[in-house]
Every structure is written in structure tokens, then in C-alpha cells.
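Participant: Here is a sequence with its predicted model. Questions after.
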Amino acid sequence: MRYFKGSVTLTQAHDYPLLRQVLRSRFVTHSQLFEFMRLGGYERDRKVFSWRLHRLVVHGFVSQHQTPSAGTEAVYSLSASGAAILQGTDECFVPLPTSRSPQKREINVLHAVELNDIRLSLMRAGLEILWISEGEIRSRNELTSFKFAKDYDAVVTVAVNEHSARFALEYERTAKKENEYFDIARRLSTEQAVERVLYLSPNYDVLSFVTKCLKLVRFPIFFGLAPSWHEKLLDMPVSGARGERYQALREVL
């Protein structure tokens with residue numbers, strides 16, 4: 001078989017898993033992407049991984065960005081060509097909206113990168129069973145009748161005491177407007193697809209504000225700090241929407 005000059009053949013064993021991870025992360029740093037591939041069993045050699053990623057960037061399947069606030073590493077996202085390739089596979093997703101505002105885009109990058117770190121902490125500990133990303137959730141909500149109450153950042157299934165438990169995850173890096181949380185509270189009151197929601201925030205002030213806005217929701221919502229997640233994972237302390245104190249997250253899962 002002859003190939004056109006400049007063409008590239010994508011492999012099912014390495015290239016497609018990499019593209020899928022970029023898609024599900026939305027934005028991801030070089031180190032994060034390598035760790036996802038390593039923990040997933042797709043790549044062990046960082047030099048080979050770097051060559052493979054560079055090839056996908058050169059051929060236009062992955063976009064590379066420089067975001068100083070995210071650190072010195074390059075940040076990657078899926079290009080339109082990469083998305084078109086995945087749409088021809090069994091991948092189910094709806095592309096997430098991209099802001100034209102540089103400031104809003106930077107906030108989206110930071111949110112995605114920090115959410116990646118939340119997931120990687122879980123994977124390193126061997127506690128993740130399934131992670132459904134926001135893009136996959138949007139696909140289900142927009143295209144099927146089996147909907148979640150909102151487009152969560154993720155729906156996560158974890159191993160707890162030799163059993164599995166599932167929860168929706170929201171990472172509130174910054175606070176939304178109060179009326180937006182009132183709308184979220186209304187939607188959460190109708191949730192039937194998951195049994196509980198965990199809100200994580202990097203600081204206490206944001207977490208306190210979100211807790212206050214959602215305190216009247218008649219649905220199991222729990223709140224905790226992201227640094228505690230990274231340090232203790234399922235043993236992190238959480239509180240309820242009405243101020244109830246729990247010893248550890250695993251107790252409410």
C-alpha cells in the first residue's frame with residue numbers, strides 16, 4: 001500500500017487512546033498527559049510518548065498552547081481534525097463551548113488542568129473504577145433520554161471498602177453568581193441519575209459561599225477542600241449542605 005507524502009497512520013494501541021484522553025481532559029499539560037498514558041498502560045517511555053504527541057501536533061490532530069498561568073509546560077487540546085477522527089469511532093461526545101475571551105479561556109485551562117490533578121490523585125491510589133468526563137455527560141444530556149440533572153465536571157465511580165460507589169463531581173475553582181447556584185439547586189432537586197454530589201474547591205471562602213447557596217437542596221450534597229482531597233482522598237473530611245459534619249468522605253459514599 002502506498003501512502004501520500006506527509007500522511008500519518010494512527011494506531012489503535014497508542015494514538016487513539018492519547019487523542020481520547022486529550023478530548024476528555026479538554027486541556028492537559030505534557031506531564032499530565034504522559035501520566036494518564038502511563039497509568040492507563042498505553043505508554044511507558046516518555047521519549048516515545050513525546051515523539052508521538054509531537055507527531056499528532058505536527059499533523060494537526062492536537063493543538064498546543066502556551067498558558068503562562070498554567071506553568072512552564074505546554075498545554076494541549078483536541079483540534080477540529082482530531083475531533084473529526086474520534087467522531088468516526090465509538091466515542092460519544094459533544095464538543096464543549098470555547099470562549100473567545102482570552103481571560104475566560106485561561107480560566108477554562110486552569111480549571112481543566114486542576115481537575116486533571118484531582119483525577120490523577122485518584123488513579124495513583126488505584127481507587128478509580130470509572131471516570132465519565134464533562135464532554136461525555138453533555139453528550140448524554142443533549143442526545144439521549146437518560147439525562148443527568150446538569151453537566152457535571154465528572155461522574156466518578158470509586159472503590160470503597162471492596163465495593164463501588166458513584167458520585168457526581170463539581171470542581172468550583174471560582175464562585176458563580178448567586179442566582180446561578182439557585183438554578184443549580186433547582187436542577188439538583190430533580191436528580192435521579194446519581195445518588196450524591198461532591199463539591200470540591202481550592203479554598204474555604206468559595207466552598208462556604210457554594211454551601212450557603214445550596215443549603216436548601218433536598219438531595220445529598222457534600223463539600224470539601226481540594227487540598228484535603230489530594231492529601232487524604234476518600235478519608236478527607238466533608239460537610240453536608242446544612243452544615244452537618246462527617247468524619248470522612250468514604251462514610252457518605
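Facilitator: Perfect, I can see it now.

Participant: which phi and psi does Thr89 have?
Facilitator: phi -110, psi -160 (degrees, to the nearest 10).

Participant: and the gap between it and Leu23?
Facilitator: To Leu23, Thr89 is 11 Å away according to CB to CB, to the nearest Å. From N, CA and C alone the C-beta is placed, and that goes for glycine too.

Participant: Which of the two has more residues huddled nearby?
Facilitator: Leu23 (22 against 11; other CB atoms under 10 Å).

Participant: on contacts alone, who are the packing partners of the particular helix or strand that has the more buried one in it?
Facilitator: Using DSSP states H and E, Leu23 sits within helix 15-25. Helices and strands touching helix 15-25, by 3 or more CB pairs under 8 Å, 6 or more residues apart in numbering; DSSP states H and E, are helix 30-39, helix 46-58, strand 74-78, helix 80-87, helix 102-124, strand 128-133, helix 134-143.

Participant: Please repeat the previous calculation with a cut-off of 7 Å.
Facilitator: When contacts are defined as 3 or more CB pairs under 7 Å, 6 or more residues apart in numbering; DSSP states H and E, helix 15-25 sits against helix 30-39, helix 46-58, strand 74-78, helix 80-87.

Participant: Okay, now the unreliable bits of the stretch 51-200 of the chain?
Facilitator: 95-99 (pLDDT under 70).

Participant: try it again with 80
Facilitator: 90-102 (pLDDT under 80).

Participant: Pretty sure Leu110 sits against Ser69.
Facilitator: Yes: between Leu110 and Ser69 there is a contact at 6.2 Å, judged by CB atoms under 7 Å.

Participant: Who has more neighbours out of the two?
Facilitator: Neighbours per residue (other CB under 10 Å) separate Leu110 from Ser69, with Leu110 holding more: 17 against 9.

Participant: ok, that one - contacts?
Facilitator: Neighbour list for Leu110: 69-70, 173 [criterion: CB atoms under 7 Å, 6 or more residues apart in numbering].

Participant: out of those residues, who's nearest Gln12?
Facilitator: Nearest to Gln12 out of those is Ala70 (CB to CB; 30.3 Å).

Participant: what's the burial count for that closest one?
Facilitator: 18.

Participant: any idea how far it is from Lys104?
Facilitator: 15 Å.

Participant: do Gln247 as well
Facilitator: 38 Å.

Participant: Repeat that for Ser77.
Facilitator: 15 Å.

Participant: Neighbour count: those two, which is higher?
Facilitator: Each of Ser77 and Lys104 has its neighbours counted (other CB under 10 Å); Ser77 has more, 21 against 11.

Participant: what residues are up against that one?
Facilitator: So Ser77 contacts 22, 26-27, 63, 65 (CB under 7 Å, 6+ apart).

Participant: following the top strand by length along the chain, which helix or strand shows up next?
Facilitator: As assigned by DSSP state E, the longest strand anywhere in the chain is strand 163-171. Later in the chain than strand 163-171, the nearest helix or strand by DSSP H and E is helix 178-188.
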